[in-house]
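1. sequence first, then the predicted structure:
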Amino acid sequence: RPSGLRVIDLVEGDGPLPALGDRVYVHIKVWGSSFDAGEPAYATWAADGRPSMWFLGEPSAVVVGPPYVPTTTVPAGIDEGVLGMREGGWRRLV
């Protein structure tokens with residue numbers, strides 16, 4: 001990818017493929033230094049059990065819920081990493 005993001009498909013989904021502008025719901029797990037560092041620094045299901053939701057291609061318009069309310073932006077690279085991923089898929093972004 002032009003940004004240098006490395007995408008590793010762990011599970012290929014078999015659901016719909018979202019296009020730019022489509023609403024996506026994604027569980028996110030973020031490690032601070034490495035995958036072997038134990039617990040993630042942040043995980044959506046550990047924080048409140050709900051996925052992050054945003055419109056693909058608009059990572060600054062993240063909302064959480066329900067009720068779905070605007071929050072902050074998607075962590076760097078997540079929006080780019082979700083592009084091209086089918087529903088039900090799992091990816092590792094490096």
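-> On my side now, so go ahead.
2. hey, let's count contacts and neighbours off CA atoms from now on
-> Noted.
3. quick one: name whatever helix or strand follows the helix or strand of the chain at the bottom of the mean pLDDT ranking.
-> Across the helices and strands of the chain, mean confidence by mean pLDDT, DSSP states H and E is lowest for strand 69-70: a mean of 50. Following strand 69-70 in sequence order, the next helix or strand is helix 78-82 (DSSP states H and E).
4. ok, and what's touching that following helix?
-> The set of residues external to helix 78-82 that reach it, using Cα atoms under 8 Å, 6 or more residues apart in numbering, is Leu5, Val7, Leu56, Gly57, Glu58, Pro59, Arg91, Leu93.
5. residues contacting the fourth one?
-> In other words, Gly57. By Cα under 8 Å, 6+ apart, the contact list for Gly57 reads Leu20, Gly21, Asp79, Glu80.
6. look up how far Arg23 lies from it.
-> Going from Gly57 to Arg23 by Cα to Cα, to the nearest Å gives 10 Å.
7. equivalent analysis for the last one, please.
-> Computed with Cα to Cα, the distance linking Leu93 and Arg23 is 20 Å.
8. quick one: least confident of the contacts of helix 78-82?
-> By pLDDT, Pro59 ranks lowest within the contacts of helix 78-82, coming in at 74.
9. surely that residue touches Met53?
-> No: at 9.4 Å, Pro59 does not count as touching Met53 under the criterion of Cα atoms under 8 Å.
10. which residues of the chain score low on pLDDT?
-> Scanning the chain for pLDDT under 70 picks out the ranges 1, 33-37, 46-47, 61-73, 76.
11. the strands in it, which residues?
-> For the chain, applying DSSP state E gives strands covering 7-11, 23-26, 29-30, 42-43, 52-55, 58-64, 69-70, 90-93.
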